[in-house]
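Novice: Here you go, sequence then predicted model.
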Amino acid sequence: MRTHVPASLVTHSRFVALVAAIVVSQLGVAAAQTPFVPYFFKNNIHYDKFDWHIYTTDHFEIYYYPELERHLERVAGYAESAYQKVSGDLRHELPGRLSLVLFKTHSEFEQENIDPSAAQEGVGAFAEPFRGRMVMPIDEPPDLLYGLIVHELTHQFQFDMIPLSLLSNNIPLWVNEGHAEFERGIWNPLDLMVVRDAAVADIVPKMTELQGYGTTGPSRLIYNLGHALFEFIEARGGKEGVRAFLFALRKSAIGAGGEDPYEEALQLKKDEFDEAFDKYLKDRFKPFRDKERPADYGRDLAPNRERTSFIGAYSISPSPSGDLIAVVTGNRKEQELDIVLVSSKDGSVVRNLTEGFDKDMGFGHLVQMGVQQAANPWLAWSPQGDRVAYFVRTEKERTLIVQNVLTRRIEVRIPMKSVDEPASPTFSPDGRTVAFDGLRGAVGDIFTVSLDSQTVVNLTTDDFADFAPTYSPDGKYVVYVARVSGSQKLFRLDLDTRKKTQLTFGTQDETAAQFVDDHTLVFSSTATDPAVPLEPEIARNGNIYNIWTLDMTTGELRQYTDALGGNYSPVVLNEGRTSRIAFVSYYKNEHSIRTLDRQEPLHTAASDDFGMPSPAAAIDFQAPLQHTLLPDRQRRKGTFEKMFLDGRPPINVGVTSGGDIFGGSQISFGDVLGDQQINIYVSSVSQYRTFAASYLNLSRRLQYVLQGYVQTQFFYGQLGGAFYDPAFSQFLSRDLAVATRSSRGASVIGIYPFDRYRRTEISTGVSQINEEYSDPNLQQQSLDYQR
């Protein structure tokens, strides 16, 4: 038990103090304080006021607010479909309904209070193990949102099958994340790229020894290797083999079995398991080992990691003259992303446009594209050649930055308050307008913003997820990517008529296109030569981004690379009458910049469907189970509805060196959204009691806590000359000098953040303290002496 005793004793029987200060007040009982202020972190700001409602389905309680109600019916169908899939695969049922907490966009998801550490751009969603909560934004395209729900729901089944409260041994992260990706059953081209690369480059780690995110490779590598590993287990033992492996892990984790889970489920020792998985990957990707490496395209133009602090090249944009390339790269020294200019001749670094910490430039950080759109442009160079445009994170919104490449001065800042998650900027031919993709109502569209008036216009306004626009050289139309029926295809949008025309077809994925000339596009695609059909297994393991061109006048498609890893983010380097194609290439866990001359293509194909208008009834993703919204299952959430006990209350019991018995406990309650918290603390030493309670409200931008306490402490007041006549000291024993201090008080603390770095903190409180000796005669003597 912790108590707080002032340095000087109160010399009168009662003392009342009213304190108002800018700092948090320290009241009488340390145990009553609530450490809710994130002093050493950025402020977690609630920019929005969420009016929470609850909708109940067979297996979920869905928490939503009116702004996303139009999506509720389809999301409920996705959730129930996901439950049937995961439950059927694992032959397992969960004991009760799960809480599915939905946010309209990722910027609103970052305001959640369930797990503040997850409130950041790098976290797409999360599953919380102790209260059965799944928390996510719904701004993904429909098929990817369904996959995200399957992924997080799989975690809830894992938590039920292998309860974390019973663990005596850690479960490797690749098990949880790999199994969730396995259930999702989707290989993104960039995810498959890193597994294929690891297998062919012989850099697969020993999975039985791999902990956390590992020490090398991208952060999603353990997701992807884990995904492949569960496919390996399924190849050996089917779905039953996967279930057997999970239950063997359960027995091992809770200490219920002495046999190694690899031996029990797969009849393999750990080293045999690692060798078998390594061989499985090498055999699986053997057909790709003779494909092109980055060195086949010439020298690397990315910043030299040995001579500079920069590492990798994640997106590129060329200057109009073709002599410079703007590169988004990692800065190992500052632990941030930077934009640097490199020579297109030898890759030497010319200038760092974002040198120093991003905060000093007036923003949080450069926007990093998510895994689904990482192959699309992150920045753009103006046609006049003097400025680059990119998006940064400021507060809730992202801000468009237009920066002068010569002076490093930021000339234009446009906060995108009306559009969520803007990305992939591109300049119009006159340099006065920037087109980009973004979200409204959790649906992706193509927008433009005038650099003069800052007016934002929605160009596409449809139900499909639209990305990565680029202007035609004459500025009369834009070409962009739309996700249709689970694939990303190129479309053309005429700006005068708003007519949309689909340019590429098939089940392969395309990325953002750039104009080589007034009628030819260059882009990346996972397509292969249609004249040479692939075996299904090879096609599944390929899915490789390569460089293609499309002649929009003839419909001719040309393939120029056949990579082992992947080639994406192609741009055009103008060199007078000729031009080269520069692109990002991935191999051995490194992103390099390579170039090629457009000479003879590897393959040529014709698109019979070229030029046909986009079908009016294009089919988007449909979940296996359809759900009909039932209004009688909707209700508004009460402020204190769904309060839970936060863990098991600790019970402390003991005996002091003086023989007094002491004990205490603390109980904490929180609501399902983490917005409301109630804490109660009680303790006792001998006959002296302490009680403290606090209520914390985090649901608004103005966060506040109410606290109150009552406490009685004892001490030995043998202070002759201070409390009583020193002549009595020789007659007082230690026991006669026992005194008590009774204190009670209350306080209100408020915090209002102005931005992520500044806030004001205000508190006010009242306390009352009473001290007296247990012996009534000594107490009277003390009062008489102090008068």
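Specialist: Yes, it's here. It should be emphasised that the depicted structure is a prediction, and the values quoted were computed from it without experimental measurement. Numbering: from 1, shown residues only.
Novice: Report the spatially nearest residue to Phe232, omitting neighbours in sequence.
Specialist: In space, and not counting its chain neighbours, Phe232 is closest to Tyr280: 4.7 Å by CB to CB, 6 or more residues apart in numbering. In this view, the C-beta of every residue, glycine as well, is placed from N, C-alpha and C.
Novice: Please apply the same query to Tyr83.
Specialist: His59 (4.7 Å).
Novice: Enumerate every residue touching that neighbour.
Specialist: Going by CB atoms under 8 Å, 6 or more residues apart in numbering, His59 touches 79-80, 83, 94, 97-98.
Novice: Looking at these, spot the one nearest Val328.
Specialist: Taking CB to CB as the measure, Val328 sits nearest to Ala79 out of those, at 35.7 Å.
Novice: I'd like the average pLDDT over stretch 163-176.
Specialist: Averaged across stretch 163-176, the pLDDT comes to 76.
Novice: Next: stretch 644-659.
Specialist: Averaged over stretch 644-659, pLDDT sits at 80.
Novice: Using neighbour counts, pick out the buried residues of the helix or strand the residue nearest to Phe232 falls within.
Specialist: Using DSSP states H and E, Tyr280 falls within helix 270-284. By neighbour count with 16 or more other CB atoms under 10 Å, helix 270-284 contains the buried residues 273-274, 277-278, 280-281, 284.
Novice: Does anything pack onto that helix? Which helices or strands?
Specialist: helix 189-200, helix 221-253, helix 261-266 (3 or more CB pairs under 8 Å, 6 or more residues apart in numbering; DSSP states H and E).
Novice: chain center to the last one, what's the gap?
Specialist: Spelled out, it's helix 261-266. Chain-centre distance of helix 261-266: 34 Å, with CA atoms, centre = their mean, to the nearest Å.
Novice: just the longest one next, same as before
Specialist: On the basis of CA atoms, centre = their mean, helix 221-253 sits 25 Å off its chain's mean C-alpha point.
Novice: ok, the residue nearest to Phe232 to Leu266 distance?
Specialist: The gap separating Tyr280 from Leu266 is 12 Å, by CB to CB, to the nearest Å.
Novice: centroid residue for this protein?
Specialist: Central residue of the chain (CA atoms, centre = their mean): Val123, 1.1 Å from the mean position.
Novice: And the strands in the stretch 1-150 of the chain?
Specialist: Secondary structure of the stretch 1-150 of the chain, counting by DSSP state E, counting those that start in this stretch: strands at 14-21, 53-56, 60-64, 98-103, 126-128, 133-137.
Novice: now those strands in a markdown table, with distance to Asp496?
Specialist: What follows is the strands of the stretch 1-150 of the chain, written out as a markdown table (distance: least, CB to CB, whole Å):
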| stretch | distance to Asp496 |
| --- | --- |
| strand 14-21 | 63 |
| strand 53-56 | 43 |
| strand 60-64 | 39 |
| strand 98-103 | 37 |
| strand 126-128 | 45 |
| strand 133-137 | 35 |
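Novice: Looking at those, which is nearest to Asn43?
Specialist: strand 98-103 (18.7 Å).
Novice: What mean pLDDT does the closest one get?
Specialist: Per-residue pLDDT over strand 98-103 has a mean of 98.
Novice: name the helices or strands packed onto it?
Specialist: Packing partners of strand 98-103 (3+ CB pairs under 8 Å, 6+ apart): strand 60-64, strand 133-137, helix 142-161.
Novice: Dump these to CSV, plus mean neighbour count.
Specialist: Output for the helices and strands packed on strand 98-103, formatted as CSV (neighbours: other CB atoms under 10 Å):
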stretch, mean neighbour count
strand 60-64, 22
strand 133-137, 24
helix 142-161, 22
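Novice: Turn the ones you listed into JSON lines, including distance to Phe363.
Specialist: Below are those laid out as JSON lines (distance: least, CB to CB, whole Å):
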{"stretch": "strand 60-64", "distance to Phe363": "31"}
{"stretch": "strand 133-137", "distance to Phe363": "22"}
{"stretch": "helix 142-161", "distance to Phe363": "28"}
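Novice: Tell me which stretches of the stretch 501-650 of the chain form strands.
Specialist: Using DSSP E, counting those that start in this stretch, strands in the stretch 501-650 of the chain cover 514-515, 520-525, 546-551, 556-559, 566-575, 578-587, 590-597, 603-606, 634-636, 643-645.
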